[in-house]
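Student: Got a sequence here, can you build the structure:
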Amino acid sequence: MTLDMIQLVGPGGAGKTTTGSRLAQQLGVIFVDLDEWFAARHGDISKYLDVQGYARYAAQNVQSYLEVIAVAASPQVLALSSGFMTYATNVHPDYARVRCEIAASATTLVLLPSVDYETCVAETVRRQLARRFCRSAEREEQVIRRRFACYRDLQTTKLETMRPISEVVDAAIANASRCCGNSTFRLFDYVSLSTSKIQHLGTFASQDGARTRKGVV
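Tutor: Residues are numbered from 1 along each chain as shown. This is a model prediction of the structure:
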């Protein structure tokens, strides 16, 4: 897996697409939404699920992820599908390896409305119901309650998204800056940041230091 990539994971409604597109714009890199990649090649996801079933969809989505990684020729921000980290281990021959790599990457960010369980559930349901393709409120609640622990327990940086998008993006950039400082992420070899922007990142990371140590920014 390339190190020149910020990967965003989290439940539906966490803000992965909104954050990812803004983050990529600020960094001057490509943004890829895995759902859009899938739909462009296999058609509407809801219809695909109706015809092929969830297991087949999950397997094909893992394959889509591998395709995105394989053709990545420059740094990018990648938003994964909401259930990507929750698939059955045997859904695809490479899934267990891929999942471990994503979870272990210093540049993977978990987006959640809140790390508080009930707050996250309520806000996720509210956001999902505002979408045109949403399921029932009961079904949306079942999904986030089942998946919350999976995302909460990932040992990587978490961003709470019940705040202005500019703050979420700043926190994501600060995390990338720290990774670059640790020589684990080469994205900033390609992106030219002004001195004032770098100073801002340092200030932001310092002010948020207490929460950063807990893995939440």
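Student: ok, the spatially most central residue of the chain - contacts?
Tutor: Residue closest to the average C-alpha location in the chain (C-alpha atoms, centre = their mean): residue 8, at 1.5 Å. By C-beta atoms under 8 Å, 6 or more residues apart in numbering, the contact set of residue 8 is 16, 19-20, 77-80, 108-109, 111. All C-beta atoms are positioned from the backbone trio N, CA, C, and that covers glycine.
Student: again, but for residue 119
Tutor: Going by C-beta under 8 Å, 6+ apart, residue 119 touches 113, 162.
Student: mind listing the strands for the protein?
Tutor: Listed in chain order, the strands found in the chain under DSSP state E are 5-9, 30-33, 76-79, 108-112, 158-160.
Student: where along this protein do the helices fall?
Tutor: In the chain, the segments counted as helices under DSSP state H are 16-27, 34-42, 45-52, 54-71, 95-104, 117-129, 137-152, 165-181, 195-207, 209-212.
Student: The first one - contacts with which helices or strands?
Tutor: It stands for helix 16-27. Helix 16-27 makes packing contacts with strand 5-9, strand 30-33, strand 76-79, helix 165-181 when contacts are defined by 3 or more C-beta pairs under 8 Å, 6 or more residues apart in numbering; DSSP states H and E.
Student: so where's this protein shaky on pLDDT?
Tutor: 1-3, 134, 180-217 (pLDDT under 70).
Student: So for residue 114, what's the nearest residue that isn't a sequence neighbour?
Tutor: With C-beta to C-beta, 6 or more residues apart in numbering as the criterion, residue 114 has its nearest non-adjacent residue at 4.6 Å, and that residue is residue 120.
Student: what comes up buried for stretch 18-36?
Tutor: Residues of stretch 18-36 classed as buried: 19-24, 26-27, 29, 31-35 (neighbour count, 16 or more other C-beta atoms under 10 Å).
Student: so which of these would you say is closest to residue 177?
Tutor: Within the buried residues of stretch 18-36, the smallest distance to residue 177 is 10.6 Å, found for residue 27 (C-beta to C-beta).
Student: Help me confirm that that closest one comes into contact with residue 77.
Tutor: Yes: judged on C-beta atoms under 8 Å, residue 27 makes contact with residue 77 at a distance of 7.2 Å.
Student: What distance do you get for residue 137 to residue 144?
Tutor: 11 Å (C-beta to C-beta, to the nearest Å).
Student: Common neighbours of the two, please.
Tutor: Common neighbours of residue 137 and residue 144 (C-beta under 8 Å, 6+ apart) are residue 125.
Student: which of the two has more neighbours?
Tutor: For residue 137 versus residue 144, neighbours defined as other C-beta atoms under 10 Å are more numerous around residue 144 (25 against 12).
Student: what's near enough to touch the more buried one?
Tutor: Counting by C-beta under 8 Å, 6+ apart, residue 144 touches 11-12, 120-121, 124-125.
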